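> Here's my sequence, what's the structure:
(one chain, ligands or ions: 1)
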Amino acid sequence: MSDAQSVSPSKKNCGDHHCGESRSQALEGIGGGSTGKWLEKDVPKSNWVCTNVKDIGRGKRETCEMCEKMQIRYVHKMKHNNYESLDVGCICAGHMEGNKFGAAERERYLKNRASRRKNWVNLIWKTSDKGNSYRKAPKNRDDPRSHVVIIPKSKYNTYSAFIETDGENEMLPGNRWFATEVEAKLAAFDYIWPPSWNQNVDPNGMVDENTDNEESK
Ligand SMILES: [Zn+2]
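Below you'll find the model as predicted:
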C-alpha cells in the first residue's frame, strides 16, 4: 500500500494494520477478493493447485498476480488446467485452492526457514584443527539427512563451504568463494535448505535450530 494514489479516502486511517490483508480477510466469506483477476470473468476462482512456494528474500516484494494488490515476499505458484500459472500471495492462494490452512502452513514453513537462516550464522560454530569454522546440523523432523558444514579459507583470504551430507562430501557447487565467512555460511544454508517449499517438505515437521545446547556439551 505504498502508492498513496491507490488508497481510497475510506481507507485513509489504516493505522499500522495491513489494510490489503484486512480487506481480503473480511472478504473470506464470499470466497475471494475484490480486485484484480478476482473481478475477471474468464479467470477461474477455484480448483487451483500450488506447485511451489518461494521466498524471494528479505526486503523484496512482488505484486500478487491474482488480486494485483498485495505486495508479497512468499510467492505461491498456482497451476490451473484452464489458465496460465499465477504467482500469488498466501491469502489469494488459500482461496484459489480452497484450503486456507494449507496455504498458511506452506508460508509458515518458509517464514520458519527465514528465521533459521538469519540465526544460522549466529549459532555456535566450532573451529577445526586446521582453523576452519564448522558446524554440525543433525537430522531432524524436517530434514532426514545430517550435515556438517566446514568453512575453508583460501590463501587469498576468501571463504567457501565444504558440505558433508550423510557422509557424502562436496564443495559448494559452482566453486564459489566469498569475501566473508558469513556469506559462505549463508550460501551453504541456501544450498542445503533452498528458499522454496515443495510437496516433499512436511510443513508440520519444521523445527527450530535449537540444538546448540546439546551440541556444545
Ligand atoms: Zn492476492
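
> What residues does the chain have near the ion?
64, 66-67, 70, 89, 92 (C-beta under 5 Å from the ion). No exception for glycine: its C-beta is placed from N, CA and C like everyone else's.

> Using PDB, write out every CA atom in the one helix or strand A93 maps to.
Following DSSP states H and E, one finds A93 within helix 90-97. In PDB, the C-alpha atoms belonging to helix 90-97 read as follows (Å, rounded to 0.1, in the frame of the first residue of the first chain):
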ATOM      1  CA  CYS A  90      -0.900 -16.600   0.800                       C
ATOM      2  CA  ILE A  91      -4.400 -15.300   1.100                       C
ATOM      3  CA  CYS A  92      -5.300 -15.500  -2.600                       C
ATOM      4  CA  ALA A  93      -3.600 -18.900  -2.800                       C
ATOM      5  CA  GLY A  94      -5.900 -20.200   0.100                       C
ATOM      6  CA  HIS A  95      -9.000 -19.000  -1.700                       C
ATOM      7  CA  MET A  96      -7.900 -20.300  -5.100                       C
ATOM      8  CA  GLU A  97      -7.200 -23.800  -3.800                       C
END
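
> Would you mark the buried spots in whichever helix or strand comes after that helix?
Next helix or strand after helix 90-97 toward the C-terminus (DSSP H and E): helix 100-120. For helix 100-120, a neighbour-count test (16 or more other C-beta atoms under 10 Å) marks 103, 105-110, 112-114, 116-117, 120 as buried.

> now do stretch 85-95
Within stretch 85-95, the residues scored as buried using 16+ other C-beta under 10 Å are 86-95.

> which residues sit against it?
21, 24-25, 28, 31-33, 37-38, 45, 48, 50-51, 62, 64-67, 70, 72, 74-80, 96, 100-104, 106-107 (C-beta atoms under 8 Å, 6 or more residues apart in numbering).

> hey, where'd the helices end up in the chain?
Taking DSSP state H as the criterion, the chain carries its helices at 19-26, 90-97, 100-120, 181-192, 212-215.

> Looking at the buried residues of stretch 85-95, which is nearest the ion?
Taking C-beta to the ion as the measure, the ion lies nearest C92 of the buried residues of stretch 85-95, at 3.2 Å.

> Show me the domain layout of this structure.
Per automatic domain parsing, the domain ranges recorded for the chain read 4-98, 124-215.

> Now do the same for the shortest one: mean pLDDT, whole number.
I take that to be domain 124-215. Regarding domain 124-215, the rounded mean pLDDT is 84.

> Distance from it to the middle of the chain?
Distance, stretch centre to chain centre, for domain 124-215: 17 Å (C-alpha atoms, centre = their mean, to the nearest Å).

> again with stretch 100-108
On C-alpha atoms, centre = their mean, the centre of stretch 100-108 falls 12 Å from the chain's centre.

> quick one: contacts for N82?
N82 touches P44, counting by C-beta under 8 Å, 6+ apart.

> and it, how far is that from W197?
Between N82 and W197 the computed distance is 24 Å (C-beta to C-beta, to the nearest Å).

> Show me where the protein has its strands.
Using DSSP state E, the strands of the chain run over residues 49-55, 62-63, 71-72, 74-80, 83-88, 126-127, 133-137, 147-151, 162-165, 168-171, 196-197.
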